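[1] turn this into a model:
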Amino acid sequence: MHDTNLFKNLYSMLGEGKLDRAKFFAMLSRTLVQEVGCTRASFWFYSGTLQDSVVCEGLYDASDGQWSSGMALSEDDYPDYFAAMRDERTVVASDARTYPATGVCQ
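    Numbering: from 1, shown residues only. Down below sits the predicted model:
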């Protein structure tokens with residue numbers, strides 16, 4: 001069972017101004033990794049007037065304990081990924097390196 005209070009507390013801290021957006025997504029991605037037991041979690045948001053790119057707001061990789069953000073992917077460079085997002089609205093890939101829509105997004 002996951003501790004939903006951890007997520008609620010992070011959201012409250014953001015709402016109260018105790019965390020800025022960057023820190024919120026860094027902490028949220030790390031908490032998600034710890035609670036779910038995966039090795040990597042990230043949050044991406046569409047960008048551009050045509051929503052033809054996505055920008056990473058926060059990524060945590062447990063294999064090296066590093067956070068990052070600011071990476072961008074464009075539809076021109078990753079058409080399969082954007083098609084999957086349009087068609088499926090989400091991409092669930094247990095192994096992103098071998099999943100057809102995300103394998104090239106390493």
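
[2] and the helices in this protein, which stretches?
    Counting by DSSP state H, residue ranges of the helices within the chain are 4-15, 21-36, 79-88.

[3] can you tell me what sits against the longest one?
    In this structure, residues lying in contact with helix 21-36 by Cβ atoms under 8 Å, 6 or more residues apart in numbering are 2-3, 6-7, 10, 13-14, 19, 38-43, 57-60, 62, 67, 69. No exception for glycine: its C-beta is placed from N, CA and C like everyone else's.

[4] just the buried residues of those residues.
    10, 14, 19, 41-43, 57-60, 67, 69 (16 or more other Cβ atoms under 10 Å).

[5] nearest to Ala83, of the residues you listed?
    Minimum distance to Ala83 across the buried ones among the contacts of helix 21-36 is 19.5 Å, recorded for Ser42 (Cβ to Cβ).

[6] dump the residue contacts of Tyr60.
    26, 29-30, 32-33, 40-42, 66-67.

[7] what's the most distant pair in those residues?
    Most distant of the contacts of Tyr60, by Cβ to Cβ, are Leu32 and Gln66, 15.2 Å apart.

[8] which one's more surrounded, these two?
    Leu32 (20 against 9; other Cβ atoms under 10 Å).

[9] mind checking pLDDT for the more buried one?
    Here, the pLDDT recorded for Leu32 equals 87.

[10] just Met27 next, same as before
    pLDDT, Met27: 88.
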